[in-house]
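>>> structure, please.
(2 chains)
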Amino acid sequence: MTTAPVLTVPGPPAAGPGRAAPAAKRADRRSRWAACAFLSPALLLFVVFIAGPFVVAVVLSFFSWDMLTPPRFNGVGNFTTMFTDPLLYKALANTFVFALASVVTHLAGGLLLALAVNRLMNRVLSYFVRAALFFPFVISWAAVALLWKYVLDPTFGMVAYYLDAAGIAPPDWFNDPSWALPAIIGIDFWHTIGFTFVIMLAGLQTVPRELVEAARSDGANSRQVLWHVTLPMMSPTVFFAAVVTFIGAFQIFDPVQIITPNGGPDDSTLTVVMYLYQKGFQSFQAGYASAVSLLVFVVMMAVTLLQFRGARRWVHGR
Amino acid sequence: MGARAVRAVRGPVRVRQIRQVLLALVLLAVGLVMIAPLVWLVAESLTEEKSAFSLPPSWTPSPFTVDNFRAVPGLIPFGRMALNSLLVAVVSTGGSLLVSVMAAYAFSRLSFRGRETLFLIVVSALMVPVQMTVIPVFVLMRTLGLVDHLAALWLPALINVFAIFFLRQYFNTIPRELDEAARIDGAGHLWILFRMLVPLSAPALAAMTILTFELSWNSYFAPLIFLSTPEHMTLPVGLVTLQNGQGGSSVVVFAAITAVVVPVLAVFLVFQRNFVASIASAGLRG
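Sure thing, here's the model as predicted:
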């Protein structure tokens, strides 16, 4: 039903149906030319801004370079330094704690909220809750981080006031080494829970209704339906959400950099990417920073491969 | 939804109603807690400076004033920054979609040797974190003299590997017979792509537009690295310079945050359905 194109955009002239024998070869060659033309912008940009820089970063990780004087070959020096760098260990530990906490809170919260909202009958309220959950996700981290600095302010912030009113002494969040990271985890939850929630809700709606109804008519109660039908059917979604949350959380930078630009009290909020930024763009150790970035890449790659394997073998229906 | 059929099998009507009310109350509370910081933000930004930040937190501006907003441009070139953000987001989104659509067409419709291998190489770049490429890209931009220019932001954003991947997958779901029919009618590749596949992929393109625009608009890492003068900054980095002193009072900072947040929320409310759908579709297909 595609109508005959009246307006032919200039391009390789189309092969007429009349010429048959040499046409096939010519069409093939033409297709190759077209592929060249269609792909070259993307490939050029790919090489200049991704593949090239990737290779350069790998090479740089074997050099010492202050980004001004010529780079100096350093062998595996950067990597041996990495193994004995206490600040890097601290940053890695913080990042893993943050990422794991992020995965656990987002999965549990997102799943519970999706199950609850899915059961809610009132349309208006359901719309409100969905919008309210998703609102913070569309706001930039810069605005979120600045706002929350005030919300958690120990003297005039609202959290301090309500905690006080409830009889709990509010901590001085960002000056207390044991509360700074949990505060960031909380802010991140507020900011990103809407994303996890939406993914979970979409996953929940792919659970076949007939299965739930069949289980019910066989006498299963709500809890049994949840544990034996809904959750197993949702395993791909949960798994996917876990991987995406982990990858995002492992690269956390914006809020920690904005709220605690120096890494927080006792470096308690220093994350790997923040450390990389400090090394590369504040103390100009481009080689060392590249070595650290290689570490981030290895973690990302491991998680992605895990996702492929998991998606193939463990998860339902793929 | 189908919930009603399920519900019919479940307990007596009264119990169901009580449950619904409890559920509604809990979710209402959750929703209110989620938006509380935003309500507080807007209320304080519209309150006269000497009465702002009173405790208990007030949820309405009293006494009402817009002076705080008038004071923002005195601290940061807000209009200029908004324009910069818009420019970078529009160019990044438009440009990267054009580049991606063409590449996706080649990967989906044109046959050439090494197509699958090349596609795999391009897609594997999804694993490379930005933090890894940023130092070499910074050096490149310095060589080109583009540091502290907006081009340093939108130029690297023109390559969007996720969009190429996503659009190729979408093109693959469109029957090839359509292309062949068009080709027999004398259509060229450009016609097939822009007059046929692109209109047929409107939902996928809308999703990519929303995602790319949002990512660019909210981006903080790259602008922090590439931009240094306030006149060249985008809104997120500009906003953060506010907290580092400049003698601005907290209400003015709140006014600036509000001016950044409210338009975004308004756009979100209008396009909520598409917004959420695009996040979900891009997420679940990944």
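>>> how about the nearest residue to residue B:171, chain neighbours excluded?
Leaving aside its sequence neighbours, residue B:171 sits nearest to residue B:108 (Cβ to Cβ, 6 or more residues apart in numbering or on different chains; 3.8 Å). C-beta here means a position set from N, CA and C on the backbone, and glycine is covered the same way.
>>> residues contacting that neighbour?
Contacts for residue B:108 (Cβ atoms under 8 Å, 6 or more residues apart in numbering or on different chains) come out as B:168, B:171-172.
>>> the helix or strand that residue A:300 is a member of packs against which elements?
In this assignment (DSSP states H and E), residue A:300 forms part of helix A:286-313. If contacts are counted by 3 or more Cβ pairs under 8 Å, 6 or more residues apart in numbering or on different chains; DSSP states H and E, helix A:286-313 sits against helix A:52-60, strand A:63-64, helix A:77-83, helix A:235-250, helix A:272-277, helix B:130-143.
>>> for it, the distance to its chain's centre please.
Its chain's average C-alpha position is 13 Å from that of helix A:286-313, according to Cα atoms, centre = their mean, to the nearest Å.
>>> what's the answer for stretch B:179-195, then?
Computed by Cα atoms, centre = their mean, the chain-centroid distance of stretch B:179-195 equals 33 Å.
>>> sorry, back to before: will you turn the helices and strands packed on helix A:286-313 into TSV that also has distance to residue A:142 and mean neighbour count?
As requested, the helices and strands packed on helix A:286-313 are exported to TSV (distance: least, Cβ to Cβ, whole Å; neighbours: other Cβ atoms under 10 Å in any protein chain shown):
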stretch	distance to residue A:142	mean neighbour count
helix A:52-60	25	19
strand A:63-64	33	18
helix A:77-83	30	16
helix A:235-250	17	20
helix A:272-277	15	24
helix B:130-143	17	21
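>>> export the ones you listed to a markdown table and tack on mean pLDDT and distance to residue B:227?
Formatted as a markdown table, the helices and strands packed on helix A:286-313 follow (pLDDT from 0 to 100; distance: least, Cβ to Cβ, whole Å):
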| stretch | mean pLDDT | distance to residue B:227 |
| --- | --- | --- |
| helix A:52-60 | 95 | 19 |
| strand A:63-64 | 92 | 27 |
| helix A:77-83 | 92 | 28 |
| helix A:235-250 | 87 | 24 |
| helix A:272-277 | 94 | 15 |
| helix B:130-143 | 93 | 11 |
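>>> okay if I get these as a markdown table plus distance to residue A:117?
Formatted as a markdown table, those follow (distance: least, Cβ to Cβ, whole Å):
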| stretch | distance to residue A:117 |
| --- | --- |
| helix A:52-60 | 41 |
| strand A:63-64 | 53 |
| helix A:77-83 | 45 |
| helix A:235-250 | 15 |
| helix A:272-277 | 33 |
| helix B:130-143 | 33 |
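>>> angle of the helix holding residue A:300 against helix B:130-143?
For helix A:286-313 against helix B:130-143, the angle by axes from the mean of the first three to the mean of the last three Cα atoms, to 10 degrees is 140 degrees.
>>> can you pull the buried residues of helix A:286-313?
By neighbour count with 16 or more other Cβ atoms under 10 Å in any protein chain shown, helix A:286-313 contains the buried residues A:286-297, A:299-300, A:303, A:307, A:310.
>>> quick one, domains of chain B?
Chain B breaks down by automatic domain parsing into domains covering B:3-65, B:73-285.
>>> hey, least reliable of those domains by pLDDT?
Mean pLDDT is lowest for domain B:3-65 out of the domains of chain B, coming in at a mean of 82.
>>> doesn't residue B:110 make contact with residue B:119?
No - here residue B:119 does not reach residue B:110: they are 11.6 Å apart, not a contact under Cβ atoms under 8 Å.
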